[in-house]
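1. Fold the stuff below for me.
(one chain, ligands or ions: 4)
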Amino acid sequence: MDNRYESSESQRNKCAACYRQFNKMEHLVEHMRTSYHSAHEPMCGICKKHCRSFESLREHLIGPLPKVECERIFKERGCDLCLTILSSRNALYVHREKCQFSRSNNIGLTHRMANLGIQDDLKIDNNRAKVVSLACKMVGGGSDGSLDLCARVCLIDEYEKIIFHTYVKPHLPVTNYRYETTGIRPEFLRDALPLWQVQKKIQDYLCNGEPVWQIRSRCGKGRILVGHGLDHDLKSLEVEYPQMMLRDTAKYPPLMKTSKLSNSLKYLMKAYLGYDIQIGIQDPYEDCVATMRLYMRMRSQRHKVEEYPLASEPQNRNNFAAWRQSELEKMSPEKMLDISRSDYHCWCLDSSS
Ligand SMILES: [Zn+2]
Ligand SMILES: [Zn+2]
Ligand SMILES: [Zn+2]
Ligand SMILES: [Zn+2]
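-> Ligands and ions are numbered 1, 2, ... in the order given. From the prediction side, this is the model:
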């Protein structure tokens, strides 16, 4: 009798998302105030535990100390790329075919790119390519060649079609062409478009007819921009674009390390899409395709539809603070999870807008 009482008591103080146990209800309430659990977190398909990132979910399933029952089922019919659990071994085979991408899809194009100078399909319109991805390749400037200067840029649409590609002539003299990784030679930049022209073209294309300061919502004409380390790329291009329109695979919490540091794009592609990129000379088109595919995979996740899904939205501001401590302490862990909201913009929300 006593035993049963104890176990139900500790069950009461157990987080409904990450399953952490607390001695006292007030500690669980405190945990909920700061954890921003939501339906948008990566979740174990077996025990339904929420994880902050796919990496911590991976550890939960196949790390050095996995949860035994989950590991057993995962090894039988879990996809090691997207970490979904399938209904049978057969279903896993069928799924794995689609889940695994290959580099060869774009390698033909990549080779043609080598001789490609300017490709410009940048048009202001109101309906095409709501989502575009961008990647740059940098050469070195400054006395020691460590200053990154954009020398090549590529933009693609969501069907992996090139919208824009060009070599770029930087403002400053190039002191290191970094040929082994960029494949860029001085003659490629000699007659290339100057940076200010590239900057203007890309800026106008992204804003799509709207002044940059007016882009305040996700439902305007401005385009969603996908990339890896976009702040660095945009800075080198001197393009200004609002954070809320950026989808950065280096800064998206579900794709980050457990330590909250960024993963490299090369690692992300191998771990989540199953193929290698950036072997030898790197092509910005390949990086564009990589980030676009990752974005699409993240966006296609099906999550519970919530009203006002972000903790930062005004309706949710101080979601937990609005409640009295005593009221929260009376709530069940499930109810608290129900009112809890994410502190990041889940990319699944882009598909509904
Ligand atoms: Zn928790
Ligand atoms: Zn979501
Ligand atoms: Zn589990
Ligand atoms: Zn998969």
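2. Tell me where the stretch 101-250 of the chain has strands.
-> Ranges of strands within the stretch 101-250 of the chain are 119-120, 131-141, 147-157, 162-169, 174-176, 193-194, 224-227, 246-248, based on DSSP state E, counting those that start in this stretch.
3. Contacts for the last one next, please.
-> By C-beta atoms under 8 Å, 6 or more residues apart in numbering, the residues outside strand 246-248 that reach it are 131, 224, 225, 226, 227, 228, 229, 230, 231, 295, 347, 350. (Glycine included, C-beta is placed from N, CA and C.)
4. now swap in the fifth one and tell me
-> Surrounding strand 174-176, the residues in contact under the criterion C-beta under 8 Å, 6+ apart are 139, 140, 141, 142, 143, 144, 145, 149, 151, 186, 189.
5. For the contacts of strand 246-248, pick the one with the most neighbours.
-> Counting neighbours by other C-beta atoms under 10 Å, residue 226 leads these with 29 neighbours.
6. Can you tell me who that residue pairs with across the strands?
-> residue 133, residue 247 (DSSP bridges).
7. Tell me how far it lies from residue 251.
-> Distance from residue 226 to residue 251, counting by C-beta to C-beta, to the nearest Å: 12 Å.
8. And for the nearest residue to residue 281 once chain neighbours are set aside, the neighbour number?
-> Excluding the flanking residues, the one nearest residue 281 by C-beta to C-beta, 6 or more residues apart in numbering is residue 183, at 3.7 Å. Neighbour count for residue 183, taken as other C-beta under 10 Å: 17.
9. So which bits of the protein are right by ligand 3?
-> Those residues of the chain that sit near ligand 3, judged by C-beta under 5 Å from the ion, are 44, 46, 47, 49, 67, 70.
10. host element of the nearest residue to the fourth one once chain neighbours are set aside?
-> Computed as C-beta to C-beta, 6+ apart, the closest residue to residue 49 that is not its neighbour in sequence is residue 19, at 5.4 Å. Assessed by DSSP states H and E, residue 19 sits outside every helix and strand.
11. so residue 19 sits right up against residue 44, yeah?
-> No: under the criterion of C-beta atoms under 8 Å, residue 19 makes no contact with residue 44, lying 9.8 Å away.
12. neighbour-wise, which of the two wins?
-> Higher neighbour count among residue 19 and residue 44: residue 44, with 20 against 14, using other C-beta under 10 Å.
13. Phi and psi next, for that one.
-> Here is the backbone geometry of residue 44 (degrees, to the nearest 10): phi -70, psi 130.
14. from memory residue 50 sits against residue 36, does it?
-> No: applying C-beta under 8 Å as the test, residue 50 and residue 36 come out as separate, 10.5 Å apart.
15. can you pull the contacts of the one residue in the stretch 101-250 of the chain that gets nearest to ligand 4?
-> Ligand 4 sits closest to residue 101 of the stretch 101-250 of the chain, with a gap of 10.6 Å, by C-beta to the ion. By C-beta under 8 Å, 6+ apart, the contact set of residue 101 is 273, 274, 275, 293.
16. okay, it: pLDDT?
-> Note for residue 101: predicted pLDDT of 86.
17. and the gap between it and ligand 1?
-> To ligand 1, residue 101 is 33 Å away according to C-beta to the ion, to the nearest Å.
18. Relative to ligand 2, how far out is the nearest residue to that residue once chain neighbours are set aside?
-> Nearest residue to residue 101 in three dimensions, chain neighbours excluded: residue 273, at 4.4 Å (C-beta to C-beta, 6+ apart). Applying C-beta to the ion, one obtains 19 Å for the distance of residue 273 from ligand 2.
19. This completes my enquiry, with thanks.
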